[in-house]
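S.K.: Build me a model:
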Amino acid sequence: MTIVEVVVSSLILTTIVLVVSSTVLDSQAFFAEEARLYSLDQSGRALLARVEQEIRASAASSILPLAISDSSFLDYQKAAGVNADGTIALGPLLRFSFELVPGEIADSVDNNGDGLIDEGTISWRDESGTARAIAANALGMRVNRAGSALHVDIDLAARQSDGRLVQRTYGQTVAPRN
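M.R.: Residues are numbered from 1 along each chain as shown. The predicted structure is shown next:
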């Protein structure tokens, strides 16, 4: 084998190794991006399932505000039993709401410098009155009446490794049973 043949074979082998390495790295990056999106979708679906469960168990007459149109919160009471006169006994006031994170103001500007505009959390206030965040990276929540049902849209966001912001809206229409 001559020196020219060795150099040519080395160049071909180097080219093959570079192509394979590039393909593997691209596949890993693609997998990481898809894993982030899957996680975001799972969070959105789980959050909607939680909201649906709570609304179904609520008393329709307890849902506030009465005239719901793009409301960022939902107050409601669950049926806690039946009174002696046959009416539904209601439990404590519960609330789902969109809350801005500290440093953000609802002004369509990224006030805290993290690349998200007016982001917050979806919070749930339980029976004890304690509010806790049940979803982060939320960009909004809208509750609207749809006849006797409620339609809830929740906007969540995730930042991809290349810095792109991916936003998803998860929506559900659900009616209270009581």
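S.K.: mean confidence score for stretch 30-39?
M.R.: Stretch 30-39 carries an average pLDDT of 81.
S.K.: Give me the buried positions along it.
M.R.: Across stretch 30-39, burial judged by 16 or more other Cβ atoms under 10 Å covers Glu33. (Each C-beta comes from the backbone N, C-alpha and C, glycine too.)
S.K.: and the closest residue in space to Arg36 that isn't next to it in sequence, what does it touch?
M.R.: Once flanking residues are discounted, Arg36 sits nearest to Ala158: 5.3 Å by Cβ to Cβ, 6 or more residues apart in numbering. When contacts are counted by Cβ atoms under 8 Å, 6 or more residues apart in numbering, Ala158 touches 36-37, 39-40, 137, 165-166.
S.K.: 7 Å instead?
M.R.: Ala158 sits next to 36, 40, 137, 166 when contact means Cβ atoms under 7 Å, 6 or more residues apart in numbering.
S.K.: Considering these, which possesses the most neighbours?
M.R.: Neighbour counts for these, by other Cβ atoms under 10 Å, peak at Asn137, which reaches 20 neighbours.
S.K.: I figured that residue was touching Glu119, is that so?
M.R.: Yes - contact between Asn137 and Glu119 holds when scored by Cβ atoms under 7 Å: they sit 6.3 Å apart.
S.K.: so what sits against both of these two?
M.R.: Common contact partners of Asn137 and Glu119 (Cβ under 7 Å, 6+ apart): Ala157.
S.K.: pretty sure the residue nearest to Arg36 belongs to a helix, no?
M.R.: No - counting by DSSP: H, G, I helix; E, B strand; the rest coil, Ala158 is not part of a helix but strand.
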